[in-house]
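1. The sequence and its predicted three-dimensional model are supplied below.
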Amino acid sequence: MAMPLNFSRYLHIAQAFLARGRLPALLLAVTRKASKGGLRMRPLQDDLKLMRALCVAWWRGEYREVDRQTLLAVMAALVYFITPVDAVPDWVLMLGLLDDLAVLGWVLRRWRSELDTFRGWYDTQPRQRQQMLQQLPELPERVVAENPPVNS
């Protein structure tokens with residue numbers, strides 16, 4: 001299973017997001033783009049929810065059993081997802097989402113066991129906690145102001 005083209009670049013960006021405490025801003029951008037996708041986003045919804053929940057649980061300190069490389073790969077896939085100009089620009093109808101699907105799919109396959117372990121943990125959580133893990137972490141006002149809605 002070969003790494004997608006330029007994915008290492010997105011791993012470095014994910015590391016920077018994590019080092020600077022910008023994970024909530026990334027999750028905000030992912031949520032905004034996913035909510036604008038409509039029917040085109042349907043194949044991604046469950047995978048995006050799982051990845052967001054993993055990041056939220058890690059951010060809040062509720063789930064730390066994930067390997068750092070897995071967390072960075074998930075974050076890199078989310079960065080790739082929100083980037084409007086990647087291998088196939090998002091403005092190219094139908095094709096723009098295919099490369100995002102391919103990268104997300106690759107991450108899901110490559111780190112399947114770690115993500116399945118998280119899914120098992122998530123599924124055992126009470127419904128109220130699951131709902132909390134689908135909510136974005138609190139963002140300071142300046143972070144929201146610095147992260148305008150993503151143009152798809």
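-> Thanks, I have the structure now. Note that this is a predicted model, so its numbers are computed, not measured. Residues are numbered from 1 along each chain as shown.

2. okay, CA-based contacts and neighbour counts for the rest of this
-> OK.

3. Relative to Ala14, how far out is the spatially most central residue of the chain?
-> Nearest to the geometric centre of the chain sits Leu78, at 3.4 Å (C-alpha atoms, centre = their mean). According to C-alpha to C-alpha, to the nearest Å, Leu78 stands 9 Å off from Ala14.

4. same check, this time on Arg60
-> Distance from Arg60 to Ala14, by C-alpha to C-alpha: 18 Å.

5. next one: Phe7
-> 10 Å.

6. Return the per-residue confidence for Phe81.
-> The score at Phe81 is 87. That number is its pLDDT.

7. which residue packs closest to Leu50, ignoring adjacent ones?
-> Excluding the flanking residues, the one nearest Leu50 by C-alpha to C-alpha, 6 or more residues apart in numbering is Arg119, at 7.3 Å.

8. Now for Val122: which residues touch it?
-> Not Val; residue 122 is Tyr. Residues near Tyr122 by C-alpha atoms under 8 Å, 6 or more residues apart in numbering: Gln130.

9. same question, Arg52
-> 27, 133-134.

10. Okay, and it sits in which element?
-> Using DSSP states H and E, Arg52 falls within helix 45-59.

11. ok now that helix, how far from the chain's centre?
-> 7 Å (C-alpha atoms, centre = their mean, to the nearest Å).

12. after that helix, next one along is what?
-> Per DSSP H and E, the helix or strand that comes after helix 45-59 is helix 68-82.

13. Quick check: phi and psi at the residue sitting furthest away from the middle of the chain.
-> Distance from the C-alpha centroid of the chain peaks at Pro126, with 22.7 Å (C-alpha atoms, centre = their mean). Main-chain dihedrals, Pro126, degrees, to the nearest 10: phi -60, psi 150.

14. and what of Lys33?
-> With angles defined as degrees, to the nearest 10, Lys33 sits at phi -70, psi -40.

15. quick one: pLDDT of it?
-> 81.

16. now swap in Arg40 and tell me
-> 60.

17. Do a quick rundown of the helices in the chain.
-> Assigned by DSSP state H, the chain shows helices spanning 7-19, 23-36, 45-59, 68-82, 95-110, 112-123, 127-133, 141-146.

18. and these, which is most packed in?
-> helix 68-82 (a mean of 22; mean count of other C-alpha atoms under 10 Å).

19. okay, that one in PDB with CA atoms only?
-> Extracted C-alpha coordinates of helix 68-82, given in PDB (Å, rounded to 0.1, in the frame of the first residue of the first chain):
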ATOM      1  CA  ARG A  68       1.200   9.300  17.600                       C
ATOM      2  CA  GLN A  69       1.900   8.300  14.000                       C
ATOM      3  CA  THR A  70      -1.700   7.200  13.600                       C
ATOM      4  CA  LEU A  71      -3.000  10.500  15.100                       C
ATOM      5  CA  LEU A  72      -0.700  12.500  12.700                       C
ATOM      6  CA  ALA A  73      -1.900  10.400   9.700                       C
ATOM      7  CA  VAL A  74      -5.500  11.100  10.600                       C
ATOM      8  CA  MET A  75      -4.800  14.800  11.000                       C
ATOM      9  CA  ALA A  76      -2.800  14.800   7.700                       C
ATOM     10  CA  ALA A  77      -5.800  13.200   5.900                       C
ATOM     11  CA  LEU A  78      -8.100  15.900   7.400                       C
ATOM     12  CA  VAL A  79      -5.700  18.600   6.400                       C
ATOM     13  CA  TYR A  80      -5.700  17.100   2.900                       C
ATOM     14  CA  PHE A  81      -9.500  17.100   2.900                       C
ATOM     15  CA  ILE A  82      -9.800  20.800   3.800                       C
END
